[in-house]
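J.: let me see the structure of the following:
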Amino acid sequence: MNRAIVWAAGLVAAALVMAHGAHAAGDPVFGVWLTQAKDGTVRIGPCAGDPAATCGVVLSGKGPNGEDARTLTDQKNPEPVLRSHPIVGLQVISGFRRDGQGGWTGGRIYEPQTGRTFKAKMASGGPNVLKVAGCVLFFCRSETWTRAD
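T.: As a prediction, this is how the structure comes out:
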């Protein structure tokens with residue numbers, strides 16, 4: 001009986017992994033991306049609280065002085081109670097939705113280096129390129145990220 005339970009659990013786990021992979025493969029922004037400065041990686045996928053929206057979390061990176069991001073906290077966060085949260089695992093992309101024209105809009109990007117959050121947009125530049133732009137008023141700063149997975 002234990003073998004049957006283990007076998008069934010294995011099938012369920014495999015089905016979930018394949019379903020997630022199929023969902024991720026269906027959206028060109030889902031996956032792991034290397035920032036333009038090549039100093040960090042961000043995993044982009046469905047938001048935990050709203051699977052119809054797209055979010056992203058920091059997987060790895062380097063601080064301004066070359067420190068490993070696993071040792072850094074969100075010290076510049078405008079909310080004092082959040083300043084002790086680790087950078088790795090921090091949600092930096094939130095609330096994006098497909099715009100029907102090959103892009104993702106309506107989202108925000110949080111920049112831990114400054115503690116600022118920007119309105120943002122993303123667009124696929126091909127299977128291995130993601131154009132990311134954060135904007136304040138009419139001024140936007142763009143980066144080109146490359147697929148890391």
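J.: who are the packing partners of the helix or strand Thr146 falls within?
T.: Taking DSSP states H and E as the criterion, Thr146 maps to strand 139-147. Using 3 or more Cβ pairs under 8 Å, 6 or more residues apart in numbering; DSSP states H and E as the contact test, the elements touching strand 139-147 are strand 31-34, strand 129-136. In short, each C-beta sits where N, CA and C put it, glycine included.
J.: worst average pLDDT in the ones you listed?
T.: Sorting those by mean pLDDT places strand 129-136 lowest, at a mean of 92.
J.: low-confidence stretches in the protein?
T.: For the chain, residues meeting the criterion pLDDT under 70 lie at 1-26.
J.: try it again at 80.
T.: Residue ranges of the chain with pLDDT under 80: 1-26, 101-102, 138.
J.: with only the CA atoms kept, save stretch 128-135 in PDB.
T.: Extracted in PDB, the C-alpha atoms of stretch 128-135 (Å, rounded to 0.1, in the frame of the first residue of the first chain):
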ATOM      1  CA  ASN A 128      15.600  35.400 -24.900                       C
ATOM      2  CA  VAL A 129      15.200  39.100 -24.500                       C
ATOM      3  CA  LEU A 130      13.000  41.100 -22.200                       C
ATOM      4  CA  LYS A 131      12.700  44.900 -22.400                       C
ATOM      5  CA  VAL A 132      11.800  46.400 -19.000                       C
ATOM      6  CA  ALA A 133      11.100  50.100 -18.400                       C
ATOM      7  CA  GLY A 134      10.300  51.900 -15.200                       C
ATOM      8  CA  CYS A 135       8.800  55.400 -15.400                       C
END
